[in-house]
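J.: here you go, sequence then predicted model.
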Amino acid sequence: MIGVRTHSSMARRTALGFVLLFGTIIGGSYAQRTDAARATIHSAAAVTTSDVAYHLSTQVVSGPGSASIQGQVAGTLDSTGLLTGTLTLATGLTSVVTGSVAGPAKLAIKGKAGNLTLSGRALDKMAGTWGGSVANGMVTNAGSWLLTPETQAVSFSLGGKSSMGSKHKLALAGQLSLMLTADGWGDGTFTFLDNDKVLPAEGRVSNGNVTATVFWPKKGALLLVASGKIAVGIFKWSGTFVGPAQNDFGTFVGEG
């Protein structure tokens with residue numbers, strides 16, 4: 001009887017050990033699967049967002065408000081292709097831009113700068129350009145559009161004054177900042193140094209030369225033409241300006 005009890009006890013201990021071992025294997029496997037599932041869910045939910053700037057060009061030939069639009073779209077683009085930003089024209093008018101550029105592109109523009117629906121696709125994935133057709137009101141194929149990344153920046157402070165013979169005396173002090181596309185087209189701002197007033201600007205930079213137009217409400221447009229060169233490690237600019245009023249002109253220098 002003693003031997004039987006001993007054998008039974010050993011059997012129970014063996015069975016219990018097997019159960020514990022099997023439970024550990026199953027539990028560990030379940031934990032691994034759970035951790036893997038959590039990691040997969042976390043990876044899928046990890047959406048990243050980047051600040052972006054684009055030059056938008058549209059040519060609308062039919063429908064209400066037929067006209068071309070040239071302006072900057074600045075905002076954010078997330079890793080799923082969702083674009084959210086603001087379209088700013090040189091006149092200062094703005095519109096909200098929302099939509100997706102993942103796969104087929106579909107963007108909605110709503111506001112004082114324009115009310116359009118843009119449909120299309122990636123034209124050059126390496127360059128990051130999109131384009132396609134414009135819907136304007138009830139007209140589904142009212143024109144075309146092109147969205148081009150602005151990935152380079154130029155910014156410099158300048159100071160100048162009217163030249164002899166200018167109709168009005170003007171002292172100019174501010175900072176011109178442009179975001180540029182690969183071909184040198186730029187959208188940006190001109191900020192006055194004395195009062196921090198900001199005006200919309202657009203221009204082009206090529207081979208060390210810049211031509212920019214600053215839009216000055218109720219006064220006119222200020223045209224800046226300058227050439228730059230590196231002197232003692234600093235990029236220095238010199239040029240002329242015309243405007244904002246008729247027969248106003250002068251010279252300026254800058255650096256940055």
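T.: Great, that's in hand.
J.: count of neighbours near Gly188?
T.: 26 (other C-beta atoms under 10 Å). For the C-beta atoms, the positions are set from N, CA and C on the backbone; glycine is no exception.
J.: that one bridge partners, please.
T.: Counting by DSSP bridges, Gly188 forms beta bridges with Leu178, Ala201.
J.: let me see the domain layout of the chain.
T.: Under the assignment named as automatic domain parsing, the residue ranges that make up the domains of the chain are 1-46, 49-149, 152-255.
J.: which stretches in the stretch 1-150 of the chain count as helices?
T.: In the stretch 1-150 of the chain, the helices defined using DSSP state H, counting those that start in this stretch lie at 2-45.
J.: thought Ala226 was touching Ser238?
T.: Yes. Here Ala226 reaches Ser238: they are 6.3 Å apart, a contact under C-beta atoms under 8 Å.
J.: got the contact list for Thr80?
T.: Counting by C-beta atoms under 8 Å, 6 or more residues apart in numbering, Thr80 touches 47, 100, 102.
J.: Ala226 and Ser238: who's more crowded?
T.: Shown here are Ala226 and Ser238; by other C-beta under 10 Å, Ala226 has more neighbours (25 against 15).
J.: ok, so of the contacts of Thr80, who is nearest Gln246?
T.: Ser100 (45.9 Å; C-beta to C-beta).
J.: not counting sequence-adjacent ones, nearest residue to that closest one?
T.: Excluding the flanking residues, the one nearest Ser100 by C-beta to C-beta, 6 or more residues apart in numbering is Gly81, at 4.9 Å.
J.: swap in Gly220?
T.: Nearest to Gly220 is Pro244, by C-beta to C-beta, 6+ apart, at 3.7 Å.
J.: next up, the contacts around the one you found.
T.: Contacts of Pro244 by C-beta under 8 Å, 6+ apart are 214, 216, 219-222.
J.: nearest residue to Ile230 other than its sequence neighbours?
T.: Using C-beta to C-beta, 6+ apart, the closest residue to Ile230 is Lys236 (7.5 Å).
J.: my error: substitute Gly120 in the last question.
T.: Gly132 (1.7 Å).
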